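Colleague: A predicted structure for the sequence below; I have some questions about it.
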Amino acid sequence: MKKIYLLLAVILFLTVKSDAQSWVTVGPGTALGNASNGVRAIAVSPYDGSIYAGGTFTGASVSYLAKYNPTTDSWQQVGTGISGPVYALKFFKGKLYIGGLFANAGGVAVNNIASVTSAGSYSSVGVGLNDQVNCLYAPSDSAYLYAAGRFNADFSNTTSLLHIAKFDLTSWSAVGNGVTAVVNCMTQYNSKFYTGTENSASPVYELNGSTWSSVSGISGGKVYAIANYGGFLYAGGDFTSPTQAASKYNGTSWATIITTLAFGTTIRSLETFGPYLFIGGTFTNVGIGGAYYIGRIDSPSIPMKAVITSNNPGSAPYAIANKDGYIYLGGNFSASGYNVIKSSITIGIDEVNDLIESSTFYPNPMTTTGTLNVKLKKHASVAHLSIIDAQGKVVVENEITEMNNNEINFTVNRNDMAAGMYYYRLDVDGNAVSSHPFVIE
């Protein structure tokens, strides 16, 4: 009986939509699976802001890949659909790339990886790959899309691609000599590639020149998520050493993330947005404020803190995304299919509603210059603009004192900034009023 009450409580929590500080549902129930088959990846388009969710979910209207329609608060099929589970989503060169375990997308033979346009038109990605894709990655200045997973060759078995490969918009090629273990995730840190794998004896690998080798000092389980944040490489999984489930690496040795996680904890997701690192896992009541399943790190020297305390997702998120400061989570949150939720407020940015009237950045994407336009509701003395890269590093800072008719116009010059996603943060008279992403092509 207690289990039934608990299930009902979770369902009731996830079906409530509120303007209070809380996690709220995105779209209707039953749309994105159940408590067993849910969402594994979320991607927000840097071009038009559209939200996509991929996973193991199946249903009457959508299966495996869905696009959110905010006008009708509903999830819709993308084109004519995809034939199997989706585990990775990544925008690259104007298209959404999809990785997973499927043979067909929109009527096209695609072999575990595909691309789709905003209009829902699918294409194959080279000849495809011969097994499951777990991860898609593209550094900010990269000419290549990287894929990693269970595969060991392209689909035609003509090119050896041991668990990792790169695509140049025409064909697949190897990344060094390959990784000997199944790869779950990857990133760049200190100008090197790192992967998180299923090799429990030594789950993190680094690429030195053309050779992949394991990184010593971490063991006892798998790595499911990896991130470059605050001068450290963060790894999350179910490993037990040097610390349970989460550790940070400085290029030489591993250390605690300061927050202690209980034995048996698993970290499923790590994502950096602006100056913050978000952590999703099976933990409960940890860190500052008592974080349940999702937490935030504001600095490598500060313990994890709760994101929202009025309610919680109910289980570990597999996917974390950001749209205009709102945090979206994907996972197996509910038997009723409410498997994408979002924060009802912007996280880390206190929107000063009595100060700002509008904030726009154009063109987005930009190539050489972009313009930030902010209209204020009342006079302000000084504004401070920061531009932050995808790893949380501040790359541009400017103080703005000229405001004509309570309006700020600031030109952002590309200069030495590489192609990729950035965030601008605007503080007016000491208040953080706006933080939004933009893309440099």
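Modeller: That came in fine, so what should we check first?
Colleague: Just read off the phi/psi values of residue 114.
Modeller: phi -150, psi 170 (degrees, to the nearest 10).
Colleague: Go ahead and confirm it touches residue 82.
Modeller: Yes - in this structure, residue 114 is within contact of residue 82 by CB atoms under 8 Å, at 7.1 Å. Just so you know, the C-beta spots here come from the backbone N, C-alpha and C atoms, and that holds for glycine as well.
Colleague: any common contacting residues for the two?
Modeller: Residues touching both residue 114 and residue 82 (CB atoms under 8 Å, 6 or more residues apart in numbering): 98, 102, 105, 106, 122.
Colleague: wait, doesn't the last one sit right on residue 79?
Modeller: When you say that, I think you mean residue 122. Yes - using CB under 8 Å, residue 122 is in contact with residue 79, at 5.8 Å.
Colleague: out of these two, which sits in the more crowded spot?
Modeller: Using other CB atoms under 10 Å as the criterion, residue 122 and residue 79 rank with residue 122 on top: 23 against 17.
Colleague: how far away is the residue nearest to that one when sequence neighbours are not counted from residue 145?
Modeller: Once flanking residues are discounted, residue 122 sits nearest to residue 106: 3.3 Å by CB to CB, 6 or more residues apart in numbering. Here residue 106 is placed at a distance of 19 Å from residue 145 (CB to CB, to the nearest Å).
Colleague: When these two are compared, which one has more neighbours?
Modeller: Taking other CB under 10 Å, residue 106 and residue 145 do not tie; residue 145 has more neighbours (24 against 17).
Colleague: Quick check on that one: phi, psi?
Modeller: phi -100, psi 130.
Colleague: how much space is there between it and residue 21?
Modeller: Separation of residue 145 from residue 21 (CB to CB): 37 Å.
Colleague: can you tell me the distance between the two ends of stretch 45-56?
Modeller: 21 Å (CA to CA, to the nearest Å).
Colleague: now that stretch: how far from the chain's centre is it?
Modeller: Put simply, stretch 45-56 sits 11 Å off its chain's centre (CA atoms, centre = their mean, to the nearest Å).
Colleague: do stretch 197-209 as well
Modeller: 21 Å.
Colleague: What is the end-to-end distance of that stretch?
Modeller: 19 Å.
Colleague: Tell me the first helix or strand C-terminal of the lowest-mean-pLDDT helix or strand in the chain.
Modeller: Lowest by mean pLDDT, DSSP states H and E among the helices and strands of the chain is helix 2-15, with a mean of 33. Counting by DSSP states H and E, the element after helix 2-15 in chain order, helix or strand, is strand 23-25.
Colleague: Closest one of the shared contacts of residue 114 and residue 82 to residue 366?
Modeller: Nearest to residue 366 out of the shared contacts of residue 114 and residue 82 is residue 98 (CB to CB; 26.3 Å).
Colleague: Partner strands of the helix or strand in which that closest one is found, with direction?
Modeller: Using DSSP H and E, residue 98 falls within strand 95-100. Strand 95-100 sits in its sheet next to strand 86-92 (antiparallel), strand 113-116 (antiparallel), going by DSSP bridges.
Colleague: Let me see the domain layout of this structure.
Modeller: Domain segmentation of the chain under automatic domain parsing yields 2-343, 356-440.
Colleague: which of these sits most buried?
Modeller: domain 2-343 (a mean of 20; mean count of other CB atoms under 10 Å).
Colleague: just how off-centre is it within its chain?
Modeller: 6 Å.
Colleague: I'd like the numbering to begin with 46 instead of 1 from here.
Modeller: Will do, 46 is the new start, and the previous item becomes domain 47-388.
Colleague: picking that back up, show only the entries of the shared contacts of residue 159 and residue 127 found in strands.
Modeller: Using DSSP state E, the subset of the shared contacts of residue 159 and residue 127 located in strands is 143, 150, 167.
Colleague: Could you export those residues to JSON lines, including columns for distance to residue 290?
Modeller: Converted to JSON lines, those look like this (distance: CB to CB, whole Å):
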{"residue": "143", "distance to residue 290": "28"}
{"residue": "150", "distance to residue 290": "34"}
{"residue": "167", "distance to residue 290": "37"}
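Colleague: List just the nearest of those residues to residue 119.
Modeller: Comparing those against residue 119 with CB to CB picks out residue 143 as the nearest, at 20.4 Å.
Colleague: per-residue pLDDT, the closest one?
Modeller: We note a pLDDT of 98 for residue 143 in this prediction.
Colleague: gap between it and residue 163?
Modeller: In this view, residue 143 and residue 163 are 14 Å apart by CB to CB.
Colleague: next one: residue 424
Modeller: Per CB to CB, residue 424 is found 41 Å from residue 163.
Colleague: where are the low-confidence patches of the protein?
Modeller: 46-65, 393-401, 435-437, 474-481 (pLDDT under 70).
Colleague: and with 50 instead?
Modeller: Residues of the chain meeting the criterion pLDDT under 50: 46-65, 394-398.
Colleague: hmm, back to that, for the strands paired with strand 140-145, give me JSON lines that also has distance to residue 461.
Modeller: Shown next, in JSON lines, are the strands paired with strand 140-145 (distance: least, CB to CB, whole Å):
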{"stretch": "strand 131-137", "distance to residue 461": "22"}
{"stretch": "strand 158-161", "distance to residue 461": "30"}
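Colleague: Quick one: closest of those to residue 186.
Modeller: Among those, strand 131-137 sits nearest to residue 186 (CB to CB), with 12.4 Å.
Colleague: and residue 445, what does it touch?
Modeller: Residue 445 neighbours (CB under 8 Å, 6+ apart): 427, 428, 429, 430, 453, 455.
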